[in-house]
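Asker: Fold the following for me, if possible:
(one chain, ligands or ions: 1)
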Amino acid sequence: MKEKNPWHMPVTIIISVIGVIAIVALVTVAVLQNKPLHQKYKYGIVLDAGSSHTALYIYQWPAEKDNNTGRVEQTHSCKVKGKGISSYAADPWGAGESLTVCMQEAKQQVPVKRHHETPLYLGATAGMRLLNMENSSASDKVFEAVEQALQRFPFSYQGARILSGQEEGAFGWVTVNYLDDRLEQGLETTGALDLGGASTQISFVSDKYDGSESPSNSVTFRLYGNDYNLYTHSFLCYGKDQALRMALAYQTQLGPRTISDPCFHQGYNVSKEYSELYNSPCVSDRKPNGPPVTFNHQGMGNFQQCQEVVKRIFNLTSCKYSQCSFNGVFQPLLQGPFGAFSAYYFVMNFLNLTDTSTPLETVKDKLTQYCATSWAQIRLEHPNVKTKYLAEYCFSGTYILTLLTEGYNFTSESYSNINFIKKIKGSDAGWTLGYMLNLTNMIPAEAPDSPLLPHTGYVSIVTVMALLLFLLFILSLRPLWLRCSKRPQIV
Ligand SMILES: Nc1ccn([C@@H]2O[C@H](COP(=O)(O)OP(=O)(O)OP(=O)(O)O)[C@@H](O)[C@H]2O)c(=O)n1
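Answerer: Numbers count the residues shown, from 1 in each chain. Okay, here's the model as predicted:
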């Protein structure tokens, strides 16, 4: 009878077990060492103090990617109840108070241990620009009240200020292109069209624009290793609420008691005050002499005639540059796709006109039909829409088409390059994200060094190497097995 080597099996088993344990240990250490830690986030808060309302946005990004490479995304937004802070000129403390509900919400949303390091910014746009022009001490008082209110919260308060129109345009462009991953990848950029209540911005990169003609419209950036020469312009008073005032001012210049407005629906009839209509620097110098206290604002519902009225608020003739948009403002040749957001989206979405593959003529036909619908019918069809918004959509749609085609020179062809958008990948399109990215240096000028290998590649290589080592180890023990197997065996 053959006697089996008593060492053979146990030695092999022990070696195999040790080998397997070693591999598992090696791979585990490699994985744990390199695995992203349990995701921790950092936060930033921006308050957009617009002319019509204030909105609060909370952004977050992975804490360990503080070196500018992490994706920043919007996690929460809060619409402040009531009007914009510029409407609190007569009650500045009310402006501060109005923010507290959304600020409380922010306290709940951001983890307590991150509160003290979370930057908090407030940026005010055209409403405060106008108030500051009209009454700078009232504007200062509103800021004072707002600052005091914000400083009561446990965040890292970084200040409240008025953004210039150029900043508003440029940061809106940064937001859109950052969210679309166009900056990091160095892709062709998207232009940004922003329509607010009191101002409107157009920003885009054009090969034909190097900043030499009308340098005040030029903003240069170096982002992720690429240089951008951005054309941007903000038209104060051409946000949709102030544009409506200008259209009404044009129709009331002789101080009538009644106007028949083609931009409002037939059957609309509301008494409005002259003092209220002309209470804005956009129209105050055009107030008729000794008008009655009120006028009857009656609707007529005629798109074509409305467009004629709207055209009157644009100066389309004077231009001292090679080419202009309107009011003598330089604008290079339009180029590339455009994202149109804020009121562009609200209005076109309501009117079911966000599909820009629809020919411009068809869009005009639809608007003609919509404007011609009676006010009674419109109210019946949209019982849940705020009356103020509802009454103005015929004007707003007409204004948007006129601004785009007559103002910015979009044609039937280039109109289809416009995308009406509200959000991109869950974050609202607007200037706030670009503003925060800039202030926190979250977009590097140079492209960050990418790791040699992605995490999964690294783990696979470590695993293969460990297996190879194990194989070599087993093979190196071959002489031992041979010796063991040559021992005399009892047969
Ligand atoms: N469902 C909605 C919501 C808002 N609006 C209009 O859209 C404009 C608000 O756009 P927004 O970007 O919020 O403007 P503000 O930030 O308030 O204005 P600005 O940037 O000019 O200061 C206002 O005219 C408001 O009446 C609308 O027509 N329909």
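Asker: State which strand of this protein is the longest.
Answerer: strand 226-236 (DSSP state E).
Asker: how about that strand: buried residues?
Answerer: The neighbour-count check on strand 226-236 (16 or more other C-beta atoms under 10 Å) flags Asn226, Tyr228, Leu230, Tyr231, Thr232, His233, Ser234, Phe235, Leu236 as buried. All C-beta atoms are positioned from the backbone trio N, CA, C, and that covers glycine.
Asker: you'd agree the last one is up against Asn132?
Answerer: No. With contact defined as C-beta atoms under 8 Å, Leu236 does not count as touching Asn132 (11.2 Å).
Asker: Just say helix, strand or coil for Gly255.
Answerer: The local conformation at Gly255, judged by DSSP: H, G, I helix; E, B strand; the rest coil, is coil.
Asker: show me the contacts for it.
Answerer: Tyr274, Pro288, Asn289, Gly290, Pro291, Pro292 (C-beta atoms under 8 Å, 6 or more residues apart in numbering).
Asker: swap the cut-off to 6 Å and go again
Answerer: With contacts defined as C-beta atoms under 6 Å, 6 or more residues apart in numbering, Gly255 is in contact with Pro288, Pro291.
Asker: what about Thr463, helix or strand, and which?
Answerer: Assigned by DSSP states H and E, Thr463 belongs to helix 455-476.
Asker: If you could redo that for Asn177, that was the one I meant.
Answerer: For Asn177, the host element (DSSP H and E) is helix 165-179.
Asker: Provide the strand pairings for the next helix or strand after that helix, with the direction of each partner.
Answerer: Reading on from helix 165-179 to the C-terminus, the next helix or strand found by DSSP H and E is strand 191-195. Neighbouring strands of strand 191-195 in its sheet, by DSSP bridges, are strand 199-205 (antiparallel), strand 338-342 (parallel).
Asker: Now do the last one and helix 165-179, the angle between them.
Answerer: Between the direction of strand 338-342 and that of helix 165-179, the angle (axes from the mean of the first three to the mean of the last three C-alpha atoms, to 10 degrees) works out to 110 degrees.
Asker: and if you look at the longest one?
Answerer: The directions of strand 199-205 and helix 165-179 differ by 50 degrees, with the same axes, to 10 degrees as the criterion.
Asker: So what's the gap between strand 199-205 and the chain middle?
Answerer: Offset of strand 199-205 from its chain centre (C-alpha atoms, centre = their mean, to the nearest Å): 13 Å.
Asker: Val101 and Tyr415, how far apart?
Answerer: 40 Å (C-beta to C-beta, to the nearest Å).
Asker: more neighbours, these two?
Answerer: Higher neighbour count among Val101 and Tyr415: Tyr415, with 18 against 13, using other C-beta atoms under 10 Å.
Asker: So that one: helix, strand or coil?
Answerer: helix.
Asker: what sits up against the longest strand of the chain?
Answerer: 126, 165-166, 168-170, 186, 199-206, 209-211, 217, 219-221, 329, 332.
Asker: where does the stretch 1-150 of the chain come near the ligand, residue by residue?
Answerer: Counting by C-beta under 6 Å from any ligand atom, the stretch 1-150 of the chain comes close to the ligand at Gly50, Ser51, Ser52, His53, Gly84, Thr125, Ala126, Gly127.
Asker: Just name the closest of these to Ile443, please.
Answerer: Thr125 (21.5 Å; C-beta to C-beta).
Asker: if we can go back for a sec, please identify which pair of the residues of the stretch 1-150 of the chain next to the ligand lies farthest apart.
Answerer: His53 and Ala126 (12.6 Å).
Asker: Looking at these two, which has the bigger crowd around it?
Answerer: Ala126 (31 against 18).
Asker: pLDDT wise, what is that one at?
Answerer: For Ala126, the model assigns a pLDDT of 98.
Asker: Now do the residue in the stretch 351-491 of the chain positioned nearest to the ligand, the pLDDT please.
Answerer: Nearest to the ligand, among the residues of the stretch 351-491 of the chain, is Tyr389, at 4.5 Å (C-beta to the nearest ligand atom). Turning to Tyr389, the model gives it a pLDDT of 96.
Asker: pLDDT (mean, whole number) over the helix holding Thr463?
Answerer: Here the average pLDDT along helix 455-476 is 70.
Asker: Next: stretch 191-200.
Answerer: For stretch 191-200, mean pLDDT is 98.
Asker: and if you look at stretch 359-367?
Answerer: Averaged across stretch 359-367, pLDDT comes to 98.
Asker: which residue does the stretch 151-300 of the chain bring closest to the ligand?
Answerer: Using C-beta to the nearest ligand atom, Gly196 is the residue of the stretch 151-300 of the chain that sits closest to the ligand, at 2.4 Å.
Asker: Enumerate every residue touching that residue.
Answerer: By C-beta under 6 Å, 6+ apart, Gly196 lies in contact with Gly50, Ala126, Gly239, Ser342.
Asker: Look at the closest residue to it other than its chain neighbours and report its pLDDT.
Answerer: Spatially, and ignoring its direct neighbours in sequence, Gly196 is nearest to Gly239 (4.2 Å; C-beta to C-beta, 6 or more residues apart in numbering). Gly239 is assigned 98 on the pLDDT scale.
Asker: pretty sure Gly239 contacts Asp194?
Answerer: No. Gly239 lies out of contact with Asp194 (C-beta atoms under 6 Å); the separation is 9.2 Å.
Asker: Give me the most central residue, this structure.
Answerer: Against the mean C-alpha coordinate of the chain, by C-alpha atoms, centre = their mean, the closest residue is Ala429 at 2.3 Å.
Asker: That one reaches Ala340, doesn't it?
Answerer: No. With contact defined as C-beta under 6 Å, Ala429 does not count as touching Ala340 (8.8 Å).
Asker: Next one: the longest strand of the chain, is it in contact with the ligand?
Answerer: No. Applying C-beta under 6 Å from any ligand atom, one finds strand 226-236 separated from the ligand by no less than 8.7 Å.
Asker: partner strands of that strand, parallel or antiparallel?
Answerer: Strand 226-236 has these strand partners (DSSP bridges): strand 199-205 (antiparallel), strand 218-223 (antiparallel).
Asker: hmm, back to that, so which of the contacts of Gly196 sit within strands?
Answerer: Per DSSP E, the subset of the contacts of Gly196 in strands is Ser342.
Asker: farthest pair in the contacts of Gly196?
Answerer: Ala126 and Ser342 (11.4 Å).
Asker: What's the local residue count around Thr200?
Answerer: Neighbour tally, Thr200, other C-beta under 10 Å: 31.
Asker: Next one: the residue in the stretch 1-150 of the chain that the ligand sits nearest to, what pLDDT does it get?
Answerer: Nearest residue of the stretch 1-150 of the chain to the ligand: Gly50, at 2.0 Å (C-beta to the nearest ligand atom). Per-residue pLDDT puts Gly50 at 98.
Asker: residue ranges for the helices of the stretch 251-400 of the chain, please.
Answerer: With DSSP state H, counting those that start in this stretch as the criterion, the stretch 251-400 of the chain has helices at 274-277, 303-311, 343-350, 360-372, 375-381, 387-402.
Asker: Quick one: distance of the first one to the chain centre.
Answerer: Think helix 274-277. The answer for helix 274-277 is 33 Å, by C-alpha atoms, centre = their mean.
Asker: what does it rub up against?
Answerer: So helix 274-277 is contacted by Leu248, Pro291 (C-beta under 6 Å, 6+ apart).
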